[in-house]
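Chemist: Below are the sequence and a predicted model for it; my questions follow.
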Amino acid sequence: MTTNKVVLHTQGIGKYFYDPVKFKALDNISFEAYEGEFLTLVGKSGSGKSTLLYCLSTMDTSYDGNLFIKGEKVTGKKTDELAAIRNRHIGFVFQFHYLLPEFSCLKNVMIPALKLGQYSADEIEERAYEKLKMLDLASQALKPASKLSGGQQQRVAIARALINDPAIIMGDEPTGNLDSKNTEIVFDIFKEIAHDFGKTIIAVTHDNDFAKASDRTIELADGKILTLNKQF
């Protein structure tokens, strides 16, 4: 369940785009995300929600203001330091799964942990099996990713995001390519990850039902926070 422990917070995040003209994409974004919270970012196209997510993910560093993850200021850190923070503390689920089609599901899930190098290959394989089992995919572990359905592939992508036990899972339209049945499955998985395992979910979505059923929504318009619901 959601706790009062802050996992991520921002102080006055602002961002400009300069092509073709100078344009303020984010304007004084300040909020906190809590441990065990399922948080959604909503707003019309061009509102700044995906831009904000990429700043929060540390992949975009050209912004004003400050970003803190697990109490540590990450703004201003070097590229290799940010890569290490991402690999340890953040898991990603995108609209497209980005699995390597010729690799087995198991190998796809193992990749971030092999990169982190915190465990032996045998331990990583065991952990990958555990994540696939949690997502009801253990029976598909040795199949090439290309042989799975779209919904199954997205669940493999979620298992991959979980392999390093990150504090935060960030999703960019994670159900955008899924039908209603698989959207519901992914939503239930996210809810379980947040409420039963204490992970923080921050997901951009256009799906109003998906957003309304999450713990909290932050609505953006013209790069500003339009509504910021309090913690449930």
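Modeler: Received it, and whenever you're ready, just let me know what you need. Numbers count the residues shown, from 1 in each chain.

Chemist: Quick one: mean pLDDT for stretch 52-71?
Modeler: Mean pLDDT, stretch 52-71: 94.

Chemist: mind starting the numbering at 34 from now?
Modeler: Noted, 34 is the first residue going forward, which turns the last one into stretch 85-104.

Chemist: Next, the distance between the ends of it.
Modeler: Stretch 85-104 has its terminal residues 19 Å apart, counting by C-alpha to C-alpha, to the nearest Å.

Chemist: my guess is residue 203 contacts residue 91, does it?
Modeler: No: checked against C-beta atoms under 8 Å, the pair residue 203 and residue 91 is beyond contact range at 10.1 Å. Yep, even glycine has a C-beta here, placed from its N, CA and C like the rest.

Chemist: so residue 211 touches residue 188, yeah?
Modeler: No: proximity of residue 211 to residue 188 does not meet the contact threshold set by C-beta under 8 Å, at 10.2 Å.

Chemist: between the two, who's got more neighbours?
Modeler: Shown here are residue 211 and residue 188; by other C-beta atoms under 10 Å, residue 188 has more neighbours (26 against 21).

Chemist: if I pick the more buried one, what's in contact with it?
Modeler: 168-170, 218-219, 222 (C-beta atoms under 8 Å, 6 or more residues apart in numbering).

Chemist: cool, residue 51 as well?
Modeler: Under the criterion of C-beta under 8 Å, 6+ apart, residue 51 has no neighbours.

Chemist: In this structure residue 189 contacts residue 164, no?
Modeler: No: Residue 189 is beyond contact range of residue 164, at 9.2 Å (criterion: C-beta under 8 Å).

Chemist: Could you tell me which residues touch both of the two?
Modeler: residue 142.

Chemist: higher neighbour count, these two?
Modeler: Neighbours per residue, other C-beta under 10 Å: of residue 189 and residue 164, the larger number sits with residue 189, 26 against 23.

Chemist: Which residue is the nearest non-sequential neighbour of the more buried one?
Modeler: Distances taken as C-beta to C-beta, 6 or more residues apart in numbering put residue 138 closest to residue 189, at 4.9 Å, once the chain neighbours are dropped.

Chemist: pLDDT value on that neighbour, please?
Modeler: Residue 138 is given a pLDDT of 95.

Chemist: do the same with residue 229
Modeler: Value for residue 229, per-residue pLDDT: 92.

Chemist: burial count for it?
Modeler: Residue 229 has 10 neighbours, counted by other C-beta under 10 Å.

Chemist: Look at it and give its secondary structure.
Modeler: Judged by DSSP: H, G, I helix; E, B strand; the rest coil, the three-state class of residue 229 is helix.

Chemist: again with residue 155
Modeler: State at residue 155, reduced to three classes by three-state DSSP: helix.

Chemist: how many other residues sit next to residue 261?
Modeler: Residue 261 has 14 nearby residues by other C-beta under 10 Å.

Chemist: show me the contacts for it.
Modeler: By C-beta under 8 Å, 6+ apart, the residues touching residue 261 are 64, 251-252.

Chemist: residue closest to the middle of this structure?
Modeler: Geometric centre of the chain, nearest residue: residue 203, 1.0 Å, by C-alpha atoms, centre = their mean.

Chemist: so who does it touch?
Modeler: By C-beta under 8 Å, 6+ apart, the contact list for residue 203 reads 86, 89-90, 123-126, 235-236.
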